[in-house]
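Asker: Could you look at this predicted model? Sequence included:
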Amino acid sequence: MTDNAREIENLVYTYAERIDAGDLDGLAELFRHGRIQAAPGMVFEGTDQVLRLYQGATRLYEDGTPRTRHVTTNVIVEVDDTPAGLARSYYTVFQQTDELPLQPIICGHYRDTFHQVSGRWWFDTREMFVDFVGDLSHHLLFKLDPPKRD
């Protein structure tokens, strides 16, 4: 794996690490030069908008965390000769609270693009797709309907 691909892969894992730590400011910083497309037509661009998205969506507990583990797998990174790259990956989120036994609560996949700014890799766009939904009532501050299946 090239250094560029490793740096991009590390960004994918840093996202999971920061949300599980409840570090919403640090998570939002990953999108200083990028955006999240949470659903078609729902785009949050830059640090401030991404931070507001997660503050308005993520339930944090007394320890300052969402009591989750975002497990990112099947990461496929592609980098070309330009300072740009893309990645595809799966995610599964596990959660345990005092009221909720350890269980998977959601899984899906990401499509990410990346670009370099001053020689450093940043998220350009993260598209989030929900594939399966479990009990999200202890994680999200809003109701997320399961995806429609054709």
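Answerer: Sure, I can see it.
Asker: can you pull out the helices in this structure?
Answerer: 3-20, 24-29, 46-57 (DSSP state H).
Asker: Where does the prediction get shaky in this protein?
Answerer: For the chain, the stretches with pLDDT under 70 are 1, 150.
Asker: need the strands for it, in chain order.
Answerer: Secondary structure of the chain (DSSP state E): strands at 35-39, 42-45, 68-79, 84-95, 103-117, 120-133.
Asker: can you pull the contacts of Asn4?
Answerer: Val79, Gly85, Trp121 (C-beta atoms under 8 Å, 6 or more residues apart in numbering). Using the backbone N, CA and C atoms, a C-beta is placed for each residue, glycine as well.
Asker: May I have the phi/psi pair for Phe81?
Answerer: No Phe there; residue 81 is Asp. phi -70, psi -20 (degrees, to the nearest 10).
Asker: Next, work out how far apart it and Thr2 are.
Answerer: 11 Å (C-beta to C-beta, to the nearest Å).
Asker: higher neighbour count, these two?
Answerer: Between Asp81 and Thr2, Thr2 has the larger neighbour count (other C-beta atoms under 10 Å), namely 10 against 5.
Asker: ok, now how distant is that one from Gly46?
Answerer: 28 Å.
Asker: Pull the contacting residues for Pro83.
Answerer: If a contact means C-beta under 8 Å, 6+ apart, then Pro83 has His115, Gln116 as its contacts.
Asker: Also Gln96?
Answerer: So Gln96 contacts Arg67, Leu102, Gln103 (C-beta under 8 Å, 6+ apart).
Asker: Spatially nearest residue to the second one (excluding sequence neighbours)?
Answerer: So the one you mean is Leu102. Spatial nearest neighbour of Leu102, chain neighbours left out: Gln96 (4.0 Å); criterion: C-beta to C-beta, 6 or more residues apart in numbering.
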